[in-house]
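Engineer: for reference, the sequence and a predicted model appear below.
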Amino acid sequence: MPELPEVETIKRALTAGGRGGRSVLGCKIVQADVLWHRTLQTPDIQTFQQNIHGQVIQSVSRRAKYLLFHLDRDTLLMHLRMSGDVRVDALQNRLEPLQTHDRLVLWFANQSRLVFNNPRKFGRVWLVKDPQEVLSRLGPEPLDPTFNADQFYANLKRHKRQLKPLLLDQHFLAGLGNIYTDEALFLSGLHPRQNSQSLTYLQGKKLFEAIRTVLETGIQRNGASIDWVYRGGTFQNEFKVYGRRGQACYHCGSPIERMVVGQRGTHFCPKCQKPTDRAGCLED
DNA sequence: ATAAACGCCTGACGGC
DNA sequence: TGCCGTCAGGCGTTTA
């Protein structure tokens, strides 16, 4: 499930503790188990277990779709990819069974454990001295207050690419995934295949604002819950195009269409998101 | 520089 | 019921 809003929701649950979550702040790691070896991107398992032992989780943060656990000496990074999830188990004893698809476990001194669950095995974990080793090539954080529409527009004009794959490219902008990209393009009235270089400033600004709107709303709703990967968020109830193929556009009534762009299922309204240089019919 | 194809994985769902 | 194709919130590598 994890795009930026879902990862942000997980981060908040891991730190605030409220709403059924359980804080990991201050937890001391006494053991680490890697149940699927490819989960660990770096270092090797032995070094990982040795280095992480005894370290305390000082804080948890998020960059794009990465979760960062700031430890005493190192940073533990997690990327959930398509199907990852993180939970904290409060334990009666150490023998409580793990769940199917649990891939990595951190055992804490205080009778609890952090579990990385990942059915499709795409997710990855890193333990590094400096998180920049992993994050240095990421593009701007869309909700960063120092990032603005002017910069975003200038970046758009630097490329000659279809909007949808460009927005999904984490080097260009970091945090959007398939759902929020479709929703942002609909909100801004832009066709997913439109050339990034063809946008007017107003279109670029509108797209920038739409991206922030969908991400902020997603965070407010604790993310989106889809299919069997459920997290308790409710943003799925507010999708305008994603997963609505054949259903009426809320704005013009046309059936929402699905096509493939950049190997990703792409949902859009053929009337509100015309592939022209002008904005679609949402522009008033 | 851009984009397509493919690989990595398991599971749910619809059609027959 | 079972088999089969399709689809899936991501992203890196290879190939055109």
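Structural biologist: Here it is on my side, so go on.

Engineer: ok, and the closest non-adjacent residue to A:Ile256?
Structural biologist: Excluding its sequence neighbours, the residue lying closest to A:Ile256 (Cβ to Cβ, 6 or more residues apart in numbering) is A:Arg244, at 4.4 Å. To be clear about C-beta, it is placed using only N, CA and C from the backbone, and glycine gets the same treatment.

Engineer: burial check on that neighbour, number of neighbours?
Structural biologist: 20 (other Cβ atoms under 10 Å).

Engineer: poorly predicted segments of chain A, please.
Structural biologist: A:1, A:17-20, A:230, A:277-284 (pLDDT under 70).

Engineer: now do the helices in it.
Structural biologist: Using DSSP state H, the helices found in chain A span residues A:4-16, A:45-52, A:132-135, A:149-158, A:163-168, A:178-188, A:201-220.

Engineer: most packed of those helices?
Structural biologist: helix A:178-188 (a mean of 25; mean count of other Cβ atoms under 10 Å).

Engineer: just checking that one against DNA strand B, any contact.
Structural biologist: No. Helix A:178-188 lies out of reach of DNA strand B by Cβ under 7 Å from any atom of the strand, never closer than 12.7 Å.

Engineer: again, but for stretch A:225-242
Structural biologist: Yes. Using Cβ under 7 Å from any atom of the strand, stretch A:225-242 reaches DNA strand B at A:Asp227, A:Trp228.

Engineer: what of stretch A:166-175?
Structural biologist: Yes. Using Cβ under 7 Å from any atom of the strand, stretch A:166-175 comes into contact with DNA strand B via A:Leu166.

Engineer: any idea how far apart the tips of that stretch sit?
Structural biologist: 12 Å (Cα to Cα, to the nearest Å).

Engineer: name the residues that touch it?
Structural biologist: A:3-4, A:63-65, A:137-143, A:152, A:155-156, A:159, A:161, A:176-178, A:181, A:184-185, A:196, A:211, A:215, A:262, A:264 (Cβ atoms under 8 Å, 6 or more residues apart in numbering).

Engineer: what is the burial count for the closest residue to DNA strand C within the stretch 151-284 of chain A?
Structural biologist: For the stretch 151-284 of chain A, the residue closest to DNA strand C is A:Gly177, as judged by Cβ to the nearest atom of the strand, at 2.1 Å. Residue neighbour count, defined by other Cβ under 10 Å, stands at 20 for A:Gly177.

Engineer: my guess is it contacts A:Lys65. True?
Structural biologist: Yes. At 7.3 Å, A:Gly177 counts as touching A:Lys65 under the criterion of Cβ atoms under 8 Å.

Engineer: list residues touching both of those two?
Structural biologist: With Cβ under 8 Å, 6+ apart, A:Gly177 and A:Lys65 have common neighbours A:Pro2, A:Glu3, A:Leu4.

Engineer: residue numbers of chain A in contact with DNA strand C?
Structural biologist: A:1-3, A:6, A:64-65, A:79, A:81-83, A:120, A:122, A:168, A:170, A:177-179, A:223-227, A:229-230, A:236, A:258, A:263-265.

Engineer: among those, name the buried ones.
Structural biologist: A:1-3, A:6, A:64-65, A:79, A:83, A:168, A:170, A:177-179, A:223-226, A:229, A:236 (16 or more other Cβ atoms under 10 Å).

Engineer: looking at the residues you listed, which are in strands?
Structural biologist: Cross-referencing those against strands under DSSP state E gives A:His79.

Engineer: which residues does the residue located most distally from the centre of chain A contact?
Structural biologist: Distance from the centre of chain A peaks at A:Asn93, with 33.0 Å (Cα atoms, centre = their mean). A:Asn93 makes contact with no residue, according to Cβ under 8 Å, 6+ apart.

Engineer: sweet, I'm off.
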